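*Asks:* here's my sequence, what's the structure:
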Amino acid sequence: MMKRRWIMIGMCLILALLGHSFFLYEYTQGRYMTGDGDGISQMLPFKKLLYDEYVKGNFFYSYQFGLGGGTYTQLGYYFTTSTVFMVTVAVVWLMNALHFIQSTDIHFWANAVIWLSVIKLTLILFIAYRVLLSMVQHRLSALTGAAIYGLSIVYFRHQTFWEFFTDSMMWLPLLVLGVERIFKTGKPAWFIAACSLMLINNFYFAYIHFIFLAIYLVFRYIIKLRSEENGWKVFWTLAVSTLLSFGISAAFFVPSVYGFLNNIRPPYDQSIPWFDLHDHLLFTSRVYLLPVIFLICMFLVPLYRNRWFFMFTSISVLLIVFHYSPKMASVFNGFSAPQYRFEYILAFTVGAVAAITIKHFSQIEWKWKKR
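*Replies:* From the prediction side, this is the model:
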C-alpha cells in the first residue's frame, strides 16, 4: 500500500515537471517564473519582507510598514497566514542555517518560484487524485481527472502572477472530500480540517469556496446520491462543523478580515452586465481553457443515469455560464470589480466528470456494440 502511494506521488511529480516544461526551459535561459505587474512588484518583495521579519521573530508587528503596523493585518490577504509559505520559511531557514544556501535576497525568491511551484503542483495533483479515487475507485480515471484539474491553465496563470492564489487548489478537493465523508459516514473530521485550513490560509478564497459549497450542497440535495442519506442530519453536522472551523481559525482569520475591512479602496462604480461573450472558452480564454473531452462527455447520454456524473456535469455547466457573466464574477469577488478567479473550481468539476466518464466508458461502449 505504501509502495503504491509513493509510486503515485512519483507519477504526480512527473506530471508536474511535464506541466512546467516550458517554464523549466525558460529558467535555463535565465528567466523567472514570475509575471510582470503583481508578480514582480508585490509577490517577491512581500515574501522576502515576511521571511526577514519571521526569522527575526517579528511574527505580529513590523516597523517595515511606514511607522509600524501589524504583520497579519497588513499582509493577511497575501502570504502572512499561508501554511504553504510558513513551511517554506521553515525549510529555507533550516537550509540557510546549514549553509546549503548562502543568501535569501530577492533573487533567491525569484529563482525559488519554479521549484516551489513544482512541489506545490505535485501536492495538488496527489490530493486531487486521492479525492477523486475515493469517488470513482479507479486509479487511471482519478489520475486523469487530477491532471485535468492541476495542469489547467488557471494554475499556471495564478502561480505566475499571484502565487498564493494556487494554495486554494489544495483545499478545494479536501473540502469536497470532507462534505462527502459527512454524507457517507456522518464523521466531520475531514471537513473541519479542510475548512479550518481554508479559513487560516486566505479569507478571500475561503469566501469563494463557501459560495461553491452552497452551490455544491444545493445540487447534492437535489440529486440524492445515496438513498440512505439523512439530509437534515448532514445539514446540522455541516453547520456545527463550520462554526468549529471558524473558532479554530479565528486567530488567523479575524486579523486578516480586520485588515481587509480597514484597507481603503475606491468603490467600483462602473456598470456590470449580467452576460457578456468576452472570450471563447475552448480557444482564446486567458483564464481557463475548457478541455474538449468535457464536450464529448456531455453527449454521452447513458452516463446521465450515474448521479455523480449528472451532478458534476450540471455544476460544470452552471460554472461555464458564470464564466460569461461579469455579474457573477463580481459576486465571487466580493461584489466588486468582475474577476474570474473562481475558475479553478470549474477545472475540478470538469476533472471529476472526466474521471467518472473514463471509469464507466467501457460499459457504454459495450451497450453500443450490443445494439
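
*Asks:* which helices and strands does the host helix or strand of I124 pack with?
*Replies:* Secondary-structure assignment from DSSP states H and E places I124 in helix 106-136. In terms of contacts (3 or more CB pairs under 8 Å, 6 or more residues apart in numbering; DSSP states H and E), helix 106-136 is packed against helix 2-19, helix 21-28, helix 44-55, helix 83-97, helix 139-150, helix 153-161, helix 168-185, helix 343-370. From N, CA and C alone the C-beta is placed, and that goes for glycine too.

*Asks:* can you put those in TSV and add mean neighbour count?
*Replies:* Compiled in TSV, these are given as follows (neighbours: other CB atoms under 10 Å):
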stretch	mean neighbour count
helix 2-19	14
helix 21-28	12
helix 44-55	19
helix 83-97	15
helix 139-150	24
helix 153-161	21
helix 168-185	22
helix 343-370	20
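
*Asks:* adding mean pLDDT and distance to H209, write those helices out as a markdown table.
*Replies:* Converted to a markdown table, those look like this (pLDDT from 0 to 100; distance: least, CB to CB, whole Å):
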| stretch | mean pLDDT | distance to H209 |
| --- | --- | --- |
| helix 2-19 | 90 | 23 |
| helix 21-28 | 92 | 27 |
| helix 44-55 | 86 | 23 |
| helix 83-97 | 91 | 15 |
| helix 139-150 | 94 | 15 |
| helix 153-161 | 92 | 15 |
| helix 168-185 | 92 | 6 |
| helix 343-370 | 81 | 8 |
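
*Asks:* any idea which of those helices gets closest to C195?
*Replies:* Judged by CB to CB, the one of those that comes nearest to C195 is helix 168-185, at 6.6 Å.

*Asks:* so for the helix holding I124, mean pLDDT?
*Replies:* The average pLDDT within helix 106-136 is 94.

*Asks:* could you check how far that helix is from the centre of its chain?
*Replies:* On the basis of CA atoms, centre = their mean, to the nearest Å, helix 106-136 is displaced by 10 Å from the centre of the chain it belongs to.

*Asks:* check stretch 289-309 too.
*Replies:* Relative to its parent chain, stretch 289-309 has a centroid offset of 23 Å by CA atoms, centre = their mean.

*Asks:* between the two ends of it, what distance do you get?
*Replies:* The first and final residues of stretch 289-309 sit 21 Å from each other (CA to CA, to the nearest Å).

*Asks:* isn't D38 right next to F161, touching?
*Replies:* Yes: using CB atoms under 8 Å, D38 makes contact with F161 at a distance of 5.5 Å.

*Asks:* ok so, going back, as CSV, the helices and strands packed on helix 106-136 with distance to T34 would be great.
*Replies:* Formatted as CSV, those follow (distance: least, CB to CB, whole Å):
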stretch, distance to T34
helix 2-19, 17
helix 21-28, 10
helix 44-55, 7
helix 83-97, 15
helix 139-150, 20
helix 153-161, 7
helix 168-185, 19
helix 343-370, 20
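
*Asks:* so which of these gets nearest F275?
*Replies:* Closest to F275 of those is helix 343-370 (CB to CB; 16.7 Å).

*Asks:* could you say what helices and strands the closest one packs with?
*Replies:* Secondary-structure packing of helix 343-370 (3+ CB pairs under 8 Å, 6+ apart): helix 106-136, helix 139-150, helix 153-161, helix 168-185, helix 292-298, helix 307-323.

*Asks:* ok, which of those helices comes nearest G19?
*Replies:* G19 lies closest, by CB to CB, to one member of the helices and strands packed on helix 343-370: helix 106-136, at 6.3 Å.

*Asks:* may I see the buried residues of the closest one?
*Replies:* Buried residues in helix 106-136, counted by 16 or more other CB atoms under 10 Å: 108-110, 112-114, 116-118, 120-133, 135-136.

*Asks:* any chance you could map the helices in the stretch 151-300 of the chain?
*Replies:* Assigned by DSSP state H, counting those that start in this stretch, the stretch 151-300 of the chain shows helices spanning 153-161, 168-185, 189-201, 203-222, 231-261, 292-298.

*Asks:* now render the ones you listed as JSON lines, adding distance to V87.
*Replies:* What follows is those, written out as JSON lines (distance: least, CB to CB, whole Å):
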{"stretch": "helix 153-161", "distance to V87": "17"}
{"stretch": "helix 168-185", "distance to V87": "12"}
{"stretch": "helix 189-201", "distance to V87": "12"}
{"stretch": "helix 203-222", "distance to V87": "18"}
{"stretch": "helix 231-261", "distance to V87": "15"}
{"stretch": "helix 292-298", "distance to V87": "34"}
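
*Asks:* how about those helices, which one is nearest S103?
*Replies:* The stretch from the helices of the stretch 151-300 of the chain with the least distance to S103 (CB to CB) is helix 153-161; that distance is 23.4 Å.

*Asks:* go ahead and confirm R139 touches L133.
*Replies:* Yes: with contact defined as CB under 8 Å, R139 reaches L133; the gap is 6.5 Å.

*Asks:* the helices and strands packed on helix 343-370: which one's closest to R286?
*Replies:* Ranking the helices and strands packed on helix 343-370 by distance to R286, with CB to CB as the measure, places helix 153-161 first at 7.3 Å.

*Asks:* that older thread, out of the helices of the stretch 151-300 of the chain, which is closest to S271?
*Replies:* Taking CB to CB as the criterion, helix 203-222 is the member of these that comes nearest to S271, at 22.3 Å.

*Asks:* what's the first-to-last distance across stretch 156-175?
*Replies:* Taking CA to CA, the first and last residues of stretch 156-175 lie 22 Å apart.

*Asks:* residue contacts, E163?
*Replies:* By CB atoms under 8 Å, 6 or more residues apart in numbering, the residues touching E163 are G39, M43, K47, V113, S117.

*Asks:* switch the cut-off to 10 Å
*Replies:* Applying CB atoms under 10 Å, 6 or more residues apart in numbering, one finds that E163 lies in contact with 33-35, 38-39, 42-44, 46-47, 78-79, 82, 84-85, 109, 113, 116-117, 120.
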